[in-house]
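Peer 1: return atomic coordinates for the entry below.
(one chain, ligands or ions: 1)
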Amino acid sequence: MIAVRRVTKSFGGLVAVDDCSLDVVRGSITGLIGPNGAGKTTLFNIIAGFSVPEAGEILLEGEPVTGLSPNRLFHKGLVRTFQIPRVFDRMTVIDNLMLVPPAQAGESLLATWLRPGRVVREESENCRKAEEVLAILELPHLRNEYAGNLSGGQKKLLELGRTMMVDPRVALLDEPGAGVNPVLLAKLCNNIARLNRELGYTFCIIEHDMDLVARLCDPIIVLAEGRVLAQGSMDEIRTDPAVLEAYLSRTVSRADAP
Ligand SMILES: Nc1ncnc2c1ncn2[C@@H]1O[C@H](COP(=O)(O)OP(=O)(O)OP(=O)(O)O)[C@@H](O)[C@H]1O
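Peer 2: Numbers count the residues shown, from 1 in each chain. Here you go, the predicted model:
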């Protein structure tokens, strides 16, 4: 689904992603893990068009997409969420969902005059889809709540819901579990697994919560210093000496820090 080929990105003298190549296989829930500063978010930003690499290439189902804007990639079915959910606080939950589908006729003043039937049809289809998403995520009771009043975990569910509004081919989730209470986390995991199993969504997930990774992800790709250090199942990763070394050395160096 996604091929990263020899991608490099630096900030000043610091090489954040270093000649990195990896694949996200169609239909998988691929985990992307690694110590702080390993380059995970930088790589996500490059894949989703928020940042342009100095070298290398990104392919989406074989098509070169390096440097395309997030908007163009969104239209090609690639969506991403953020560690801190980006929802519209002053809009209701249902409006946050209905706003997502691209190029709605109702956004054009001319279309509302010339093709009112089409605008109404699109809007009601959009509303039906949003209600369906709310039902799947078990959020109908929050339908008319302002997004700004939701808890952090509920916002993460809403953000997942926003990706579902466009039936993405692949969704990149940045730390979906961070700051989410255990009850909502279980719900979030169930939904990701279900979307993968029943609707065939491909996911690539950055996550520090190893329970979540073990529960959802296969394969798991470990990044360290901007490169792929290891990949495989959780059992393979857990016992890989290079992976243990990368995590342990970080823990030790942090413990040594003043
Ligand atoms: N905009 C930027 N300007 C300068 N340096 C940056 C920038 N973005 C990232 N970096 C640096 O690049 C390196 C990789 O950062 P990145 O955020 O991609 O790592 P990460 O694996 O996502 O870390 P974490 O798990 O802590 O989120 C880090 O050393 C970071 O300080």
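Peer 1: Pro35 - that's part of a strand, no?
Peer 2: No. Pro35 is assigned coil when assessed by DSSP: H, G, I helix; E, B strand; the rest coil, not a strand.
Peer 1: how near is it to the ligand?
Peer 2: 7 Å (CB to the nearest ligand atom, to the nearest Å). Using the backbone N, CA and C atoms, a C-beta is placed for each residue, glycine as well.
Peer 1: surely that residue touches Tyr247?
Peer 2: Yes. Between Pro35 and Tyr247 a contact is recorded at 5.9 Å, counting by CB atoms under 8 Å.
Peer 1: show me where the chain has helices.
Peer 2: 40-47, 70-75, 93-98, 109-114, 116-136, 152-164, 182-199, 210-216, 234-238, 241-256 (DSSP state H).
Peer 1: ok, Pro35 and Tyr247, which is more surrounded?
Peer 2: Pro35 (21 against 16; other CB atoms under 10 Å).
Peer 1: where's that one relative to Thr239, distance?
Peer 2: Using CB to CB, to the nearest Å, one gets 18 Å for the distance from Pro35 to Thr239.
Peer 1: so what's Ala230 up against?
Peer 2: Ala230 sits next to Ile221, Val222, Glu236, Ile237, Asp240, Ala242, Val243 when contact means CB atoms under 8 Å, 6 or more residues apart in numbering.
Peer 1: lowest mean pLDDT across the helices of the chain, which one is that?
Peer 2: The stretch with the lowest mean pLDDT among the helices of the chain is helix 109-114, at a mean of 54.
Peer 1: show me this protein divided up by domain.
Peer 2: The record's domain parsing of the chain by the TED database lists 2-87+167-256, 88-149.
Peer 1: distance between the ends of the shortest one?
Peer 2: Domain 88-149 stretches 11 Å from its first residue to its last (CA to CA, to the nearest Å).
Peer 1: for this protein, what lies in contact range of the ligand?
Peer 2: Phe11, Leu14, Ala16, Gly34, Asn36, Gly37, Ala38, Gly39, Lys40, Thr41, Thr42 (CB under 6 Å from any ligand atom).
Peer 1: of these, just the buried ones, PyMOL syntax please.
Peer 2: Buried residues within the residues of the chain next to the ligand, as defined by 16 or more other CB atoms under 10 Å, are selected in PyMOL through the command that follows:
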select buried, resi 16+34+38+39+40+41+42
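Peer 1: reformat the residues of the chain next to the ligand as JSON lines; add distance to Leu99.
Peer 2: Conversion of the residues of the chain next to the ligand to JSON lines gives the following (distance: CB to CB, whole Å):
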{"residue": "Phe11", "distance to Leu99": "33"}
{"residue": "Leu14", "distance to Leu99": "37"}
{"residue": "Ala16", "distance to Leu99": "32"}
{"residue": "Gly34", "distance to Leu99": "34"}
{"residue": "Asn36", "distance to Leu99": "33"}
{"residue": "Gly37", "distance to Leu99": "34"}
{"residue": "Ala38", "distance to Leu99": "34"}
{"residue": "Gly39", "distance to Leu99": "32"}
{"residue": "Lys40", "distance to Leu99": "28"}
{"residue": "Thr41", "distance to Leu99": "25"}
{"residue": "Thr42", "distance to Leu99": "28"}
